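S.K.: Any chance you can model this:
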Amino acid sequence: MKIKHQLAIFNALSRLLLIFILWLMLPILVEKVVYRHINNSLVEKEKKFLDHLDKEEINNFIQNTGDTADTYSQFSTLHSEFLVLSRTTTKSHQKKTTFSNAYRVIEGEENEYRILQHHFTYANENYKLEIGSSLAEIKDLTFIIRFFIIIVFVIILLITFLADTFFIEYLLKPFYKIIDTKIRRVNEPEAFDHTPIKATSRDFRELDFVLNQMMDRIAELFKKEKQFISNVSHELLTPIALLKNKFENLLQNESLDDLAVDKIAGSLRTLDMLKKIINNLLLISRIENNQYATDEAIHFGEIVNDMQEDLQDRIEDKEIHFSNEMQHDFSFKGNKTLIHILIYNLITNAIKYNKEKGEIIVSDGFLNGQYFISIKDSGIGMDASQIEKVFNRFTRISSDQDGQGLGLAIAKSIASFHHIEIGVVSEINAGTTFKLLLPETAKLN
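M.R.: Purely as a prediction, here's the structure:
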């Protein structure tokens, strides 16, 4: 998951948690505010009632029924408020004004009320005053407010999530541009683009600057390494040629016995192998230093046909069945010599690690509009650890086979030089398939 999505989801979840907490606290907050307002209203009504209280008004509110039961002397037509005045035996100094919630039945209808109870003494008689205000409308209003707020919060959550996504996308745009233009598409340090990335964030500008510095240092190290390999290889070829010439002259000496001749012949084979390794390293160095032209027309069908004829003796020695299933006349601009070496190394590798009476299939086709060549063998195959190192220099698949482990490294260098993707699929004792995926700029004739 990308960082922009992680940030957007984190912001959305944090807001959702905040909304949930507010939703739980809302009834408490509403009740406190509403109850405070109702209590103040009830206190005002109590004060107004007591300020105008006299004996006649008391008699008007109290109906003597011979008991101490409360009698509702005044209420609104909608039962939203009521006022009760009754005599009581409780002395006024024993209780203060209190507020409570209770259900009361008025004319057969039960409702919950916020009730003020006040005890007072008038003309040496104790009275209890109750003033109630209905909570039904308050509860309905609280439910509506909660429902409305939930809808508003959900809308806000969606809007802020989308806003966060687009804003984070905008903030991280320089970051993805750095990855795309300065890291992902760079195969060689020399091809690195030092153009500064436009960014509003100082962090990304600093990242771009440090990345440019790092790639400058890497490019310099690569340049020195390539130059070193080239120089060393050139310097080694001269003494090798001299030693080889001396050994060949020694072989002309008839006084040497068979043992000495065998040793000199072995030394010559060692020198030939060393010369081959140096030439291969020089080839890789020249390829990586872009010392080859890439303006020749290449036809893969012709190369595979020629290769089959050139390697026919080696194919027949192992009784391998070679199938040329090339179907497309595909034209490609590049270096013909290097492409020939690339195909040659892959086919000889398929022969070398194949089984007796095995099979090699060379085919081509198109994958997502891109031309590919496949070289499949029925050889010993490779495991996952071998596949990871197969293109490394001096890596050999099997110690039982001859070679210096540079063939596939050269193939990889040539493929990268021509912007060709080279992949490998293999399974132990089930064979190996190398696939060359050409760039989209190649043309079909």
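
S.K.: ok, which stretches of this structure are helices?
M.R.: With helices called from DSSP state H, the chain shows them at 3-51, 55-61, 136-179, 202-251, 258-288, 300-310, 312-317, 336-352, 384-389, 407-417.

S.K.: Quick check: which ranges of the stretch 51-200 of the chain have low pLDDT?
M.R.: For the stretch 51-200 of the chain, the stretches with pLDDT under 70 are 57, 60, 62-79, 90-95, 184-191.

S.K.: What distance do you get for the closest residue to residue 234 other than its chain neighbours to residue 221?
M.R.: In this structure, residue 234 finds its nearest non-sequential neighbour in residue 282, 7.4 Å apart by C-beta to C-beta, 6 or more residues apart in numbering. Placement of C-beta: from N, CA and C, glycine included. Taking C-beta to C-beta, to the nearest Å as the criterion, residue 282 is separated from residue 221 by 20 Å.

S.K.: Looking at the two, which has the bigger crowd around it?
M.R.: residue 282 (17 against 11; other C-beta atoms under 10 Å).

S.K.: you'd agree the more buried one is up against residue 235?
M.R.: No - if you go by C-beta atoms under 8 Å, residue 282 and residue 235 don't touch, sitting 11.3 Å apart.

S.K.: how many neighbours does residue 396 have?
M.R.: 18.

S.K.: Find me the pLDDT at residue 2, would you?
M.R.: Per-residue confidence at residue 2 stands at 64 (pLDDT).

S.K.: I meant residue 325, not that one.
M.R.: On pLDDT, residue 325 comes in at 91.

S.K.: Return the residues in contact with it.
M.R.: 361, 362, 363, 364 (C-beta atoms under 8 Å, 6 or more residues apart in numbering).

S.K.: Using neighbour counts, trim the residues you listed to the buried set.
M.R.: Among the contacts of residue 325, those classed as buried by 16 or more other C-beta atoms under 10 Å are 361, 362, 363, 364.

S.K.: Return the residues in contact with the last one.
M.R.: Taking C-beta under 8 Å, 6+ apart as the contact definition, residue 364 lies against 300, 325, 326, 327, 328, 330, 371, 372, 373, 374.

S.K.: neighbour-wise, which of those residues leads?
M.R.: residue 373 (25 neighbours).

S.K.: in terms of contact, does that residue touch residue 433 like I think?
M.R.: No - Residue 373 sits out of contact with residue 433 when judged by C-beta under 8 Å, with a separation of 10.9 Å.

S.K.: Of the buried ones among the contacts of residue 325, which pair is most distant in space?
M.R.: Using C-beta to C-beta, those span at most 11.0 Å, a distance reached by 361 and 364.
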